[in-house]
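Asks: based on what follows, work out the 3D shape:
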Amino acid sequence: MKTVLITGANKSIGYETAKYLAAQGYYIYIGSRDINRGQQAVTQLQKEGYTSVEAVQLDVTDASSVQKAKAYIESKGGVLDVLINNAGILGQMPQQAGSVATENVKEVFETNFFGVITVTVAFLDLLKKAAQPRIVNVTSGLGSLTLHSDPAWSYYAYKTAAYGTSKTALNAYTVVLAYELRDTAFKVNAVDPGYTATDFNEHRGPRNVADSGVFIAKYALLDADGPTGKFFSPEIAGEESPW
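Replies: Numbers count the residues shown, from 1 in each chain. Take a look at the predicted model:
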């Protein structure tokens, strides 16, 4: 059975991604900073008939926590087929470039950017043992410099000096990582679930978490001919988003 680790998967889009992949026959590790919330998510999934799931305490901003999670998953079989870097925070609002607190930006980057690097580097050797390893970095359309430079874009006015810039940095890391792994079986992509109704936006987004979870899972399920080093969004015609 193939295995998947999803960070921040105890609720919302991460939870729905876990549920969809469990339905496809994957064994799911629910990465959760709060292990109790992770276990609650597992209990709910099991009630819905998804038994191949378990919670793992994982705080992406805590290297020790990440290493403990890695050691545990390694002890269970030594291989990880899919890593979905989903954990993320919005940060304190508002986030005007001319007044945002540096500490606010640093806090957001710790989770959304540095946390992804910490987790990815830690689990890379387990992924390399898989036949078709996949890495999905959950990003946002707000990380696209091209779209942010287009006044015709629907979300042109949604500028965030901490959250959006952290996703731009994440996109850049995705490009570099995909390039380094280009001659392997890895597929590494940045995936934007679209403007989804979640706690992030007080549930104002037009998309629902179930559909967004399926969209993210799609890029975890790529076959050998699938793309790598790309940026995808359901809100873009053809799904490939400009950087």
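
Asks: okay, CA-based contacts and neighbour counts for the rest of this
Replies: OK.

Asks: for His203, what are its contacts?
Replies: By CA atoms under 8 Å, 6 or more residues apart in numbering, the residues touching His203 are Thr196, Ala197.

Asks: same question but for Val42, I mixed them up
Replies: By CA under 8 Å, 6+ apart, the contact set of Val42 is Asn10, Ile30, Val53, Glu54, Ala55.

Asks: redo these as TSV? Include distance to Tyr219, pLDDT and neighbour count.
Replies: Output for the contacts of Val42, formatted as TSV (distance: CA to CA, whole Å; pLDDT from 0 to 100; neighbours: other CA atoms under 10 Å):
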residue	distance to Tyr219	pLDDT	neighbour count
Asn10	20	97	26
Ile30	18	98	29
Val53	20	98	22
Glu54	22	98	18
Ala55	22	98	23
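
Asks: would you mind giving these as CSV with secondary structure and distance to Ser241 added?
Replies: As requested, the contacts of Val42 are exported to CSV (DSSP: H, G, I helix; E, B strand; the rest coil; distance: CA to CA, whole Å):
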residue, secondary structure, distance to Ser241
Asn10, coil, 27
Ile30, strand, 28
Val53, strand, 32
Glu54, strand, 33
Ala55, strand, 32
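
Asks: and which of the residues you listed is nearest to Asn189?
Replies: Closest approach to Asn189 among those (CA to CA): Ile30, at 20.4 Å.

Asks: any idea how far Leu58 is from that closest one?
Replies: Separation of Ile30 from Leu58 (CA to CA, to the nearest Å): 9 Å.

Asks: which residues are common contacts for those two?
Replies: Applying CA under 8 Å, 6+ apart, one finds that Ile30 and Leu58 are jointly contacted by Thr7.

Asks: give me the packing partners of the helix or strand hosting Gly14, helices and strands only.
Replies: Per DSSP states H and E, Gly14 falls inside helix 12-23. Applying 3 or more CA pairs under 8 Å, 6 or more residues apart in numbering; DSSP states H and E, we find helix 12-23 packed against strand 27-32, helix 209-218.

Asks: I appreciate the help and will end here.
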